[in-house]
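Trainee: sequence and predicted structure are below.
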Amino acid sequence: MFDMILQNLLSPAILFFILGIIAAIVSTDFHLPKGLGEGLSIYLLIAIGLKGGIELSNYSLATVTKPIMGTILLGTLIPLVTFYVLRNFLKMDVKNAIGLAATYGSVSIVTYGAAITFLDNLAISYESFMNAMVVVMEIPGILVALLLLGIIEKKQSSPTTHSPSLRNVGFVAQNPFSFINVDVLKESFFGKSILLLVGSLFIGLIVGQNGLPIIKPLFIDLYQSVLILFLLNMGLMAGKRLAVVRRHGLKLLAFAMVMPIFYGAIGAAVGVLVGLSLGGATLMGVLAASASYIAAPAALRTSVPEADPSIYLGLALGITFPLNLTLGIPLYYTIASWFF
């Protein structure tokens, strides 16, 4: 495993990520041109969506049903477990616990891309439809966390007892879904990240292999090079947030390091249970262990503005992201290999 960690650390993408952290720590004046970071994010979202859709067009619904169910199960359970741990063991307030539940319930596309590179370097094959699972898992994590917040706020605002006059009138009808905020649902399903991922996935699914000659030169051949630029920028951002993360105490730091490993192990086990190969189970573990810093923060800014971005972005980007890139991916591969 040490050799795999070393090999992963010495890959160009990871080395540029570390270079970005060092640049931030020494307060260099280097930074990517304004807007380029968002442009690279858009490129990665489209590239992963297109590749997932094209690969998905090669499989029947029966083949992908179990992996999709396993992915949705993880995307539902992880935010619930995260919220329970934060509220009951770390005594965190509801809004920030919801912020972290959505962040850790969703996925990191860049971590997933780095995991693919890791498997390619080891010549480990994986189910190509796993690109589509990135899209599938992006939605429930955010949705479950926001629905959980809606239920809690509805429960807190509801009177514990009805007034005598209401009891005299009889049954008072209530909409069981009144806690669902339309704006929250709109942000969850039609936010930039989800829209680009899902839209690209369906386009790839529709055009299939026939669209490959047009898509391949930009979105497949250049993918690894663009990932290097993106990780350099993410290294800069992660390095700048290290000081912020330290202010939140050892318990939260431990949470950001321990829970992803736990989720990664559960994800790898679920991958095996739904019939994935060693490479596929590793990727399922990586998806479960990663935390979102694109889709979830975008939804939280609109839906839970009281949640502190320095907490959910700081932990996801400053701790969990580099942990998964350096040690996590080889570890999840090792855990998955125990089942084969």
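Mentor: That came through fine.
Trainee: on the three-state scheme, Val286 is what?
Mentor: At Val286 the chain is in helix, as set by DSSP: H, G, I helix; E, B strand; the rest coil.
Trainee: separation between the residue nearest to it when sequence neighbours are not counted and Leu56?
Mentor: Nearest non-adjacent residue to Val286, counting by C-beta to C-beta, 6 or more residues apart in numbering: Ala115, 4.3 Å away. Where C-beta positions appear, they are placed from N, C-alpha and C, glycine not excepted. Note on Ala115: its distance to Leu56, by C-beta to C-beta, to the nearest Å, is 19 Å.
Trainee: all helices of the stretch 151-300 of the chain, in order?
Mentor: Along the stretch 151-300 of the chain, counting by DSSP state H, counting those that start in this stretch, helices occupy 164-169, 182-190, 192-207, 212-219, 223-246, 249-273, 278-289, 295-303.
Trainee: follow-up on the earlier one: out of Ala115 and Leu56, which sits in the busier spot?
Mentor: A direct count of neighbours by other C-beta atoms under 10 Å for Ala115 and Leu56 places Ala115 higher, at 29 against 23.
Trainee: where does the prediction get shaky in the stretch 1-150 of the chain?
Mentor: 1-9 (pLDDT under 70).
Trainee: go again with 90.
Mentor: Residue ranges of the stretch 1-150 of the chain with pLDDT under 90: 1-64, 89-96, 98-99, 102-103, 106-114, 116-118, 120-122, 127-150.
Trainee: repeat for the stretch 151-300 of the chain
Mentor: For the stretch 151-300 of the chain (pLDDT under 90), the answer is 151-202, 204-205, 208-209, 211-212, 220, 223-253, 291-300.
Trainee: host element of Leu19?
Mentor: helix 12-25 (DSSP states H and E).
Trainee: picking up where we left off before, the helices of the stretch 151-300 of the chain: which one's closest to Val85?
Mentor: Judged by C-beta to C-beta, the one of these that comes nearest to Val85 is helix 249-273, at 7.0 Å.
Trainee: assign Lys91 to helix, strand or coil.
Mentor: Classified using three-state DSSP, Lys91 is coil.
Trainee: coming back round to it: please identify the most buried of the helices of the stretch 151-300 of the chain.
Mentor: Stretch with highest mean neighbour count among these: helix 278-289 (a mean of 29; mean count of other C-beta atoms under 10 Å).
Trainee: what is that helix packed up against?
Mentor: If you count contacts as 3 or more C-beta pairs under 8 Å, 6 or more residues apart in numbering; DSSP states H and E, helix 278-289 packs onto helix 61-88, helix 109-121, helix 130-157, helix 249-273, helix 329-337.
Trainee: buried set for the last one?
Mentor: Applying a neighbour-count criterion of 16 or more other C-beta atoms under 10 Å, the buried positions in helix 329-337 are 329-333, 335-336.
Trainee: so for it, what's the average pLDDT?
Mentor: Taken as a whole, helix 329-337 has a mean pLDDT of 93.
Trainee: i'd like the first residue to be 774 from this point on
Mentor: OK, 774 is where the count begins now, so the last one is helix 1102-1110.
Trainee: export it to PDB, keeping only CA atoms.
Mentor: The C-alpha trace of helix 1102-1110 is given here as PDB (Å, rounded to 0.1, in the frame of the first residue of the first chain):
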ATOM      1  CA  ILE A1102      -7.700   6.700  -2.800                       C
ATOM      2  CA  PRO A1103      -5.000   4.000  -2.200                       C
ATOM      3  CA  LEU A1104      -6.600   3.100   1.100                       C
ATOM      4  CA  TYR A1105     -10.100   2.600  -0.500                       C
ATOM      5  CA  TYR A1106      -8.500   0.500  -3.200                       C
ATOM      6  CA  THR A1107      -6.800  -1.600  -0.500                       C
ATOM      7  CA  ILE A1108     -10.100  -2.000   1.400                       C
ATOM      8  CA  ALA A1109     -12.000  -2.900  -1.800                       C
ATOM      9  CA  SER A1110      -9.300  -5.500  -2.600                       C
END
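Trainee: got the contact list for it?
Mentor: Identification of contacts with helix 1102-1110 by C-beta atoms under 8 Å, 6 or more residues apart in numbering yields 774, 777-778, 781, 884, 887-888, 891-892, 895, 897, 1034, 1037-1038, 1040-1041, 1044-1045, 1051, 1054-1055, 1058-1059, 1062.
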